[in-house]
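**Student:** predicted model, plus sequence, below.
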2 protein chains.
Amino acid sequence: MRETPQCAELFTRLLKPNNPDAEAGAGAAMIAAARETRWRRNQPCDAVIAGGAVACVLSGAVRKFALRPNGQRQIIDVTVPGDFLGFAPSDPAFFLEAVSNDTRIACFTRAQVETLAAGSAAVSALIDNCAAEAIRRLEHHLLVQSRVTAREKVRAYLGEMARRMKTAHAKAITLPITRYDIADHLGIAVETVSRAMTGLRRRGSIRLKTPRDIEIRDPSMLSDS
Amino acid sequence: MRETPQCAELFTRLLKPNNPDAEAGAGAAMIAAARETRWRRNQPCDAVIAGGAVACVLSGAVRKFALRPNGQRQIIDVTVPGDFLGFAPSDPAFFLEAVSNDTRIACFTRAQVETLAAGSAAVSALIDNCAAEAIRRLEHHLLVQSRVTAREKVRAYLGEMARRMKTAHAKAITLPITRYDIADHLGIAVETVSRAMTGLRRRGSIRLKTPRDIEIRDPSMLSDS
DNA sequence: GTTGCACATTGACGCCCGTCAAGGCGAGCG
DNA sequence: CGCTCGCCTTGACGGGCGTCAATGTGCAAC
């Protein structure tokens, strides 16, 4: 299960030009099929991933969100390098945007994916695992989102990010999105996010080098309680 | 896209004994591979769907939930006839339970699914669409869950149910779960659910034949506002 | 019958958080 | 430098919802 990290590494390696590790077989087929795309911050990319296409985030981050008639924005999912996009049926109510300028994705058309999957059982399993990972991500965010208090949401969000980012030091994480995005992701107000962060900082649970770079001093604060 | 209803009909038909419509090909393979299982209310079924197995709900309903250390229960997903279970990696933190006594599911092992998918492109597409539908369901519930006010959550939940149940009359829906389940699904208190229902009833938007049987008198109340 | 239980509803109270408002801070730019 | 513009933080206020408590209702058992 959970081959996504491997999947990401595979894609990242294979998509590099002049890749010495490129071998014949599934890998070579993937690098042939993938079309790398980069786009600027706040740029919508519905045209990029349309008609059942699938994409893998290589760098930066992508946010998927919906706009309510109120004007309120709800961020459904934030995909970081290694995550996959596009398994869900494309819904006109949802939008995709690059979070940062250095965002790059690898695009596959639906036909390409089917061809690749049909040609190799290993590739097929990888694709399936990526879809399963997307479901797992949504389910876990639902767990975060459904927390009772806003502070628990923020704590759970930090915990989930610490788990997903998998940096060298698990204690230091760099948030991929701003406070406003976090607020729209958790369904709470920006001020509440800021207050929760300040509260955690005052209690000594975290340390903020910058608002985006967080050092976790007390990991037990992020677990369920 | 969205072949799930067809998928459900196909399965339901094919799993009936002495089915006159059973034909050779993908359908016959499915009825041969599926193992029908029924289980009683509140009975956990982790053993039933384990190790990457996939199941289709035939009757009744299944709730997937997590238990927090608090004892608080969060219902992640409620699957009704036609929905699929088990695409996500099995997580020990999640539990599956039958909601009613007449709950029946059709189980496939992972090997069976792969064999079926490999043998028929149509079956493969059906499986993929079912996984995509699971993602769509989670994303839409995230939209419901992230509503600001509790009354909006209840209204949006009724709207989503009215869309998913697809009964003969779209205006009359039968909720598959109790108020307690709804509360744990939406992350709000039972009393708030009840108050929201009463509020909608007083305004004339809905009519409650029984607490579970709801007639929608003003559909515009269920849409976004 | 009535006993028991699960589910549903209604009311009162208190607190968390959304809203509004103001200010700080750093980056980009003329 | 001075200006603007995101982004972040902090404070005050009020309403919505969680909590606690009590009552109502329908069903099954016996």
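**Tutor:** Yep, that arrived.
**Student:** helices or strands up against the helix or strand where A:Glu97 lies?
**Tutor:** Element membership of A:Glu97 [criterion: DSSP states H and E] is strand A:94-98. With contacts taken as 3 or more CB pairs under 8 Å, 6 or more residues apart in numbering or on different chains; DSSP states H and E, strand A:94-98 sits against strand A:62-67. No exception for glycine: its C-beta is placed from N, CA and C like everyone else's.
**Student:** pick out the residue nearest the middle of chain A.
**Tutor:** Centroid check for chain A by CA atoms, centre = their mean gives A:Thr79 as the closest residue, at 1.6 Å.
**Student:** hmm, back to that, which helix or strand lies directly C-terminal to the strand holding A:Glu97?
**Tutor:** strand A:103-108.
**Student:** pull the distance from that next one to the chain's centre.
**Tutor:** 13 Å (CA atoms, centre = their mean, to the nearest Å).
**Student:** give me the average confidence score over the helix or strand following it.
**Tutor:** Next helix or strand after strand A:103-108 toward the C-terminus (DSSP H and E): helix A:110-119. On average, the pLDDT along helix A:110-119 is 78.
**Student:** now helix A:110-119: buried residues?
**Tutor:** Buried residues in helix A:110-119, counted by 16 or more other CB atoms under 10 Å in any protein chain shown: A:112-114, A:116-117.
**Student:** can I get these in TSV with distance to A:Tyr180?
**Tutor:** Formatted as TSV, the buried residues of helix A:110-119 follow (distance: CB to CB, whole Å):
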residue	distance to A:Tyr180
A:Gln112	36
A:Val113	34
A:Glu114	38
A:Leu116	38
A:Ala117	38
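**Student:** picking up where we left off before, quick one, phi psi at the residue nearest to the centre of chain A?
**Tutor:** In terms of degrees, to the nearest 10, the main-chain angles of A:Thr79 are phi -100, psi 130.
**Student:** tell me how far A:Pro81 lies from DNA strand D.
**Tutor:** 20 Å (CB to the nearest atom of the strand, to the nearest Å).
**Student:** surely that residue is in a strand?
**Tutor:** No. Read with DSSP: H, G, I helix; E, B strand; the rest coil, A:Pro81 is coil and lies in no strand.
**Student:** report how many residues lie close to it.
**Tutor:** 20 (other CB atoms under 10 Å in any protein chain shown).
**Student:** stretch A:71-81 and DNA strand C, any residue contact?
**Tutor:** No. On the criterion CB under 7 Å from any atom of the strand, stretch A:71-81 is out of touch with DNA strand C, staying 7.9 Å away.
**Student:** put the alpha carbons of that stretch into PDB.
**Tutor:** This file holds the C-alpha atoms of stretch A:71-81, laid out as PDB (Å, rounded to 0.1, in the frame of the first residue of the first chain):
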ATOM      1  CA  GLY A  71     -18.100  34.600  -2.200                       C
ATOM      2  CA  GLN A  72     -16.800  32.400   0.500                       C
ATOM      3  CA  ARG A  73     -14.000  30.200  -0.700                       C
ATOM      4  CA  GLN A  74     -13.600  26.600   0.500                       C
ATOM      5  CA  ILE A  75     -10.300  24.900  -0.200                       C
ATOM      6  CA  ILE A  76     -11.000  21.200  -0.800                       C
ATOM      7  CA  ASP A  77      -7.500  19.900  -1.100                       C
ATOM      8  CA  VAL A  78      -4.000  21.100  -1.200                       C
ATOM      9  CA  THR A  79      -1.600  18.900  -3.200                       C
ATOM     10  CA  VAL A  80       2.100  19.000  -2.600                       C
ATOM     11  CA  PRO A  81       4.900  17.300  -4.600                       C
END
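**Student:** in that stretch, what counts as buried?
**Tutor:** Going by 16+ other CB under 10 Å, stretch A:71-81 has these buried residues: A:73-81.
**Student:** export the residues you listed to a markdown table and tack on distance to A:Thr210 and pLDDT?
**Tutor:** Putting the buried residues of stretch A:71-81 into a markdown table (distance: CB to CB, whole Å; pLDDT from 0 to 100) gives the following:
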| residue | distance to A:Thr210 | pLDDT |
| --- | --- | --- |
| A:Arg73 | 24 | 91 |
| A:Gln74 | 26 | 92 |
| A:Ile75 | 21 | 93 |
| A:Ile76 | 27 | 93 |
| A:Asp77 | 25 | 93 |
| A:Val78 | 19 | 92 |
| A:Thr79 | 23 | 91 |
| A:Val80 | 18 | 87 |
| A:Pro81 | 21 | 84 |
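**Student:** for A:Thr79, what are its contacts?
**Tutor:** By CB atoms under 8 Å, 6 or more residues apart in numbering or on different chains, the residues touching A:Thr79 are A:57, A:61-64, A:85.
**Student:** which of those residues has the largest number of neighbours?
**Tutor:** A:Val62 (25 neighbours).
**Student:** just to check, that one is in contact with A:Thr103?
**Tutor:** Yes. Under the criterion of CB atoms under 8 Å, A:Val62 makes contact with A:Thr103 at 6.3 Å.
**Student:** coming back round to it: filter the contacts of A:Thr79 by proximity to chain B?
**Tutor:** For chain B, no contacts are drawn from these by CB under 8 Å from any CB of the partner chain.
**Student:** of those, closest to DNA strand C?
**Tutor:** Of all these, A:Ala61 has the smallest distance to DNA strand C: 18.3 Å, by CB to the nearest atom of the strand.
**Student:** how much space is there between that closest one and chain B?
**Tutor:** Distance of A:Ala61 to chain B, computed by CB to the nearest CB, to the nearest Å: 18 Å.
**Student:** average model confidence for the strand holding A:Glu97?
**Tutor:** The average pLDDT for strand A:94-98 rounds to 87.
**Student:** may I see the buried residues of it?
**Tutor:** In strand A:94-98, counting by 16+ other CB under 10 Å, buried: A:94-98.
**Student:** same check, this time on stretch A:202-211
**Tutor:** A:205-206.
**Student:** near DNA strand D at all, that stretch?
**Tutor:** Yes. With CB under 7 Å from any atom of the strand as the criterion, DNA strand D is reached by stretch A:202-211 at A:208, A:211.
**Student:** check the offset of that stretch from the chain's centre.
**Tutor:** Counting by CA atoms, centre = their mean, stretch A:202-211 comes out at 24 Å from the chain centroid.
**Student:** quick one: average pLDDT of that stretch?
**Tutor:** Stretch A:202-211 comes out at a mean pLDDT of 92.
**Student:** quick one: end-to-end distance for that stretch.
**Tutor:** Using CA to CA, to the nearest Å, one end of stretch A:202-211 lies 14 Å from the other.
**Student:** cool, and stretch A:175-191?
**Tutor:** 17 Å.
**Student:** do that stretch and DNA strand C meet?
**Tutor:** Yes. Using CB under 7 Å from any atom of the strand, stretch A:175-191 reaches DNA strand C at A:187-189, A:191.
**Student:** and stretch A:147-156, by the same measure?
**Tutor:** Yes. Against DNA strand C, stretch A:147-156 shows contacts by CB under 7 Å from any atom of the strand at A:149-151.
**Student:** for stretch A:199-219, same thing?
**Tutor:** No. Using CB under 7 Å from any atom of the strand, stretch A:199-219 never reaches DNA strand C; the gap is at least 8.1 Å.
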